[in-house]
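Participant: Sequence plus predicted model, see below.
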Amino acid sequence: MLTLRALEDSDVPLVSEWLNKEHVKRWYELPHMGVGIDDWLAEINARDGDFKWITYQIVLWQGKPIGFCQFYRCEDSIDEDFGTMPIEGAYGIDYLIGESDYLGRGLGKQMIGLLMETIGSFPDAKRITADIDQDNRASARSLLSCGFVLLDDEGSRYVWEDKSKQVI
Ligand SMILES: CC(C)(COP(=O)(O)OP(=O)(O)OC[C@H]1O[C@@H](n2cnc3c(N)ncnc32)[C@H](O)[C@@H]1OP(=O)(O)O)[C@@H](O)C(=O)NCCC(=O)NCCS
């Protein structure tokens, strides 16, 4: 069974190891935005301070840590460009499976499903978004399978709308 739990201090070295693995690093280094792996780690390390607004989680398969994910209210992410997406009631997500033996086994979709369940339970949550590299097919297909849609043709921002929370 796949589960999520809060990131603990003792998880940080493992998360650092995962972020530095080639299959993760290729998508988490964003040179066009001047973002490197150290920046992701700096945010995680400031989780009780400047980055308290992000919720950090460890992904467990049968109790074994295999990945990492995080979510946040888009309104709190003041430097992020959300394009045409309404940010009211929107939550952003980032996710990875760090243990390569667990890739391509349907767990990515399940992990996103768990994030949707968690965030969907918040009364203010109306939509969830992920901004991904256009070439990241595994990530794009996982999102599409979970009901996300690509916001516009040019971009790489995917959005899932919680229809039960929309005002008709
Ligand atoms: C993205 C990621 C979470 C997907 O998880 P996963 O467990 O490998 O994917 P799943 O087995 O759940 O498969 C999900 C879909 O992607 C497809 N897929 C999986 N690996 C793929 C690959 N290498 N290339 C293309 N499609 C792929 C599957 O066929 C499936 O598609 P379908 O639902 O249309 O049948 C995982 O690959 C990962 O952590 N990658 C490294 C970090 C990363 O890219 N994070 C996202 C940054 S935005």
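Facilitator: Perfect, I can see it now. Predicted model, so just to flag it, every value in this text is computed and none were measured.

Participant: drop to CA atoms for contacts and neighbour counts, all remaining ones
Facilitator: Will do.

Participant: in its sheet, what does the longest strand anywhere in the chain sit against?
Facilitator: Counting residues, the longest strand found in the chain (DSSP state E) is strand 64-73. The partner list of strand 64-73 in its sheet, established with DSSP bridges, is strand 54-61 (antiparallel), strand 90-97 (antiparallel).

Participant: among those, which is the most enclosed?
Facilitator: Each of the strands paired with strand 64-73 was scored by mean neighbour count; the highest is strand 90-97, a mean of 22, by mean count of other C-alpha atoms under 10 Å.

Participant: Please state the offset of the helix or strand just after it from the chain centre?
Facilitator: Next in sequence after strand 90-97, counting helices and strands by DSSP states H and E, comes helix 107-120. Distance of helix 107-120 from its chain centroid, counting by C-alpha atoms, centre = their mean, to the nearest Å, is 10 Å.

Participant: what angle sits between the helix or strand following helix 107-120 and strand 90-97?
Facilitator: Sequence order places strand 127-131 as the next helix or strand after helix 107-120, per DSSP H and E. Angle of strand 127-131 versus strand 90-97, following axes from the mean of the first three to the mean of the last three C-alpha atoms, to 10 degrees, is 50 degrees.

Participant: Run through who's touching the helix or strand just after strand 127-131.
Facilitator: The helix or strand immediately downstream of strand 127-131 is helix 137-145, counting by DSSP H and E. For helix 137-145, the external contacting residues (C-alpha atoms under 8 Å, 6 or more residues apart in numbering) are 108, 109, 112, 132, 134, 149, 158.
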